[in-house]
Structures are given as structure tokens and as C-alpha cells.
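Novice: I'll drop the sequence and a predicted model, then ask my questions.
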Amino acid sequence: MKKGIFISLEGIEGTGKSTQSRLLSEALTAAGYEALLTFEPGGTRIGQSIREILLKPDHKEMSFVAELLLYNAARSQHLHEVILPALERGAVVITDRYTDSTVAYQGYGRGIDIELLKSIDRISTKGFMPHLTILFDLDVQVGLERNRGVNKVDRFELEEVAFHEKVRSGYLEIARLEPQRIKIVDASKEPQDIHKQVKDIVMERLCR
Ligand code: TMP
């Protein structure tokens, strides 16, 4: 039985997820918790190398299945090297993306069969899921504009708007199917207002 709490933050491009994960981690530390902030793809040395392969803009020839397997490879390494040991210590682990990203992007976005995708997840994570997931929901155009504003360009930012629309509606469908685990936050609000809402959701879960 794991002692810590595992929280994932999810959403399309430009929702401010990374800023919010940092603010949440700082708030938990200030409240006396051991908070571990991490991210996917990445979070480990091997994961970081896989991230570079996945996001390099000129890797246009990458097949959807190669992409799927690389995300899963990075996740397996991340789970065993970082997430599980921290949970064993009793930490609150906050990850910027996890399995729901694969379901949303490779499943709903790329069109890979969700059941097939879940069977691969059973190999990489044995179905180990977060206790709580916060989904930052935002209009696709607004999110892509925000990222252009900070000059963020990777293979996914170069996708058509239609792809990101499928990812967004995929996320909303995932949240509809698991309302106990996944809480939706409106990411169009001011960062401090979003932070307050996120903190309230997390504190409620931690005090249970
Ligand atoms: P980031 O920009 O939030 O760091 O994420 C990198 C990109 O990788 C982002 O466009 C979403 C994408 N991604 C997937 O397509 N599948 C996954 O499983 C993960 C974790 C990320």
C-alpha cells in the first residue's frame, strides 16, 4: 500500500499547467508536505532523452505507434525511478501529465484504439493511476496563441487546430467517465484564481 498521494495535471497546449504545478508544489511545501514536482515525457535522465526524440520538430516521419510506445517507455521509467519511491516515502507527487495525456493525444487525437492503448498501459504502469487528476480546460485557439507568445514550438504545436480540438474533447470525455478522480478547472481565468481553486481541490483530497 502506497503512503503518499499521486496527483496529475492534464490539459491541451497553453493551459498554464506548468505554472500551476509549480504554484501547487510551493503551496504544499509551505503547508508542510513533502511535495515532489515532476513531468512527462521526462522526469528522468532516460525520459529526458526520449522527450527530445518525441518532440523534435523535424521528426515528422515518426509513426503513431512509435510515438505511443516512446511515451509509454518514458512513463515506465518515470513511474519506477521517481513516482513510486516518492509515494513510498509518503510524498505528495505532482506530475505535469501522465496516462490521460496518452489517451487524449494518441487515442482521441491520433485515433489509436483506446482498448489497445490501455493494454499497453498495463505493461508500462500495471494500470497504476493518480488518486486525483486536475484537468485544465481551455479554448484550443487561446491555448495555441499563448504558446506562440512564448515561442514554444514542438511536433505537437505544429499540428492542425482540428487535432487539438479532438484532444480537448477527448479529455472532456475521459473526465466525464471518471468524475471521482478527475476535476475540471476553467483555465481561462486569472492564474491566481486558478491556483486558489486547484489548492482547494487538492487540500480537500489531502484532508480526507
Ligand atoms: P508538454 O508540452 O506539456 O511538456 O508536453 C509535451 C507534448 O507531448 C504535449 O504536446 C503533449 C504530448 N504528449 C502526448 O502526446 N502523449 C503523452 O502521453 C504525453 C505525456 C505528452
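Specialist: In hand now; what should we look at?
Novice: What about contact with the ligand: does the helix or strand hosting residue 143 have any residue there?
Specialist: Using DSSP states H and E, residue 143 maps to helix 140-149. No: legend: contact between helix 140-149 and the ligand by CB under 6 Å from any ligand atom is lacking; minimum distance shown is 8.3 Å. Just so you know, the C-beta spots here come from the backbone N, C-alpha and C atoms, and that holds for glycine as well.
Novice: same deal with stretch 169-183?
Specialist: No: under the criterion of CB under 6 Å from any ligand atom, stretch 169-183 makes no contact with the ligand; the nearest approach is 10.9 Å.
Novice: Which secondary structure state is assigned to residue 37?
Specialist: Here residue 37 is recorded as strand under DSSP: H, G, I helix; E, B strand; the rest coil.
Novice: re earlier: run through the neighbouring helices and strands of the helix holding residue 143.
Specialist: Using 3 or more CB pairs under 8 Å, 6 or more residues apart in numbering; DSSP states H and E as the contact definition, the elements that helix 140-149 packs against are helix 161-177.
Novice: Tell me the gap between the helix it packs on and the middle of its chain.
Specialist: Relative to the centre of its chain, helix 161-177 is centred 13 Å away, using CA atoms, centre = their mean, to the nearest Å.
Novice: Same question for that helix: list its buried residues.
Specialist: 163-168, 170-172, 174-175 (16 or more other CB atoms under 10 Å).
Novice: now for these, which pair is the farthest apart?
Specialist: Greatest spacing in the buried residues of helix 161-177, by CB to CB: 163 and 175 (19.2 Å).
Novice: on that earlier part again, so which of the buried residues of helix 161-177 comes closest to the ligand?
Specialist: residue 167 (8.0 Å; CB to the nearest ligand atom).
Novice: so how many other residues sit close to the spatially closest residue to the closest one that is not a sequence neighbour?
Specialist: Setting aside the residues directly before and after it, residue 167 is nearest to residue 109 in space (CB to CB, 6 or more residues apart in numbering), at 4.4 Å. Taking other CB atoms under 10 Å as the criterion, the count of residues near residue 109 is 25.
Novice: ok, residues contacting the host helix or strand of residue 120?
Specialist: Of the helices and strands defined by DSSP H and E, residue 120 is found in helix 114-124. Here helix 114-124 makes contact (CB atoms under 8 Å, 6 or more residues apart in numbering) with 68-69, 72-73, 75-76, 79, 99, 102-103, 106-108, 127.
Novice: Would that helix count as contacting the ligand?
Specialist: No: for a cut-off given as CB under 6 Å from any ligand atom, helix 114-124 has no contacts with the ligand; the smallest distance is 9.8 Å.
Novice: Enumerate every residue touching the residue positioned nearest the centre of the chain.
Specialist: A centroid search over the chain (CA atoms, centre = their mean) returns residue 97, at 1.4 Å, as the residue closest to the centre. With CB under 8 Å, 6+ apart as the criterion, the residues that contact residue 97 are 8-10, 17, 39-41.
Novice: what angle separates the helix holding residue 143 from helix 161-177?
Specialist: Helix 140-149 and helix 161-177 meet at an angle of 120 degrees, taking axes from the mean of the first three to the mean of the last three CA atoms, to 10 degrees as the criterion.
Novice: starting at the chain centroid, how far to the helix-or-strand element of the chain with minimal mean pLDDT?
Specialist: Using mean pLDDT, DSSP states H and E, the weakest-scoring helix or strand in the chain turns out to be helix 140-149, at a mean of 91. Averaging C-alpha positions (CA atoms, centre = their mean) puts helix 140-149 18 Å from its chain's average.
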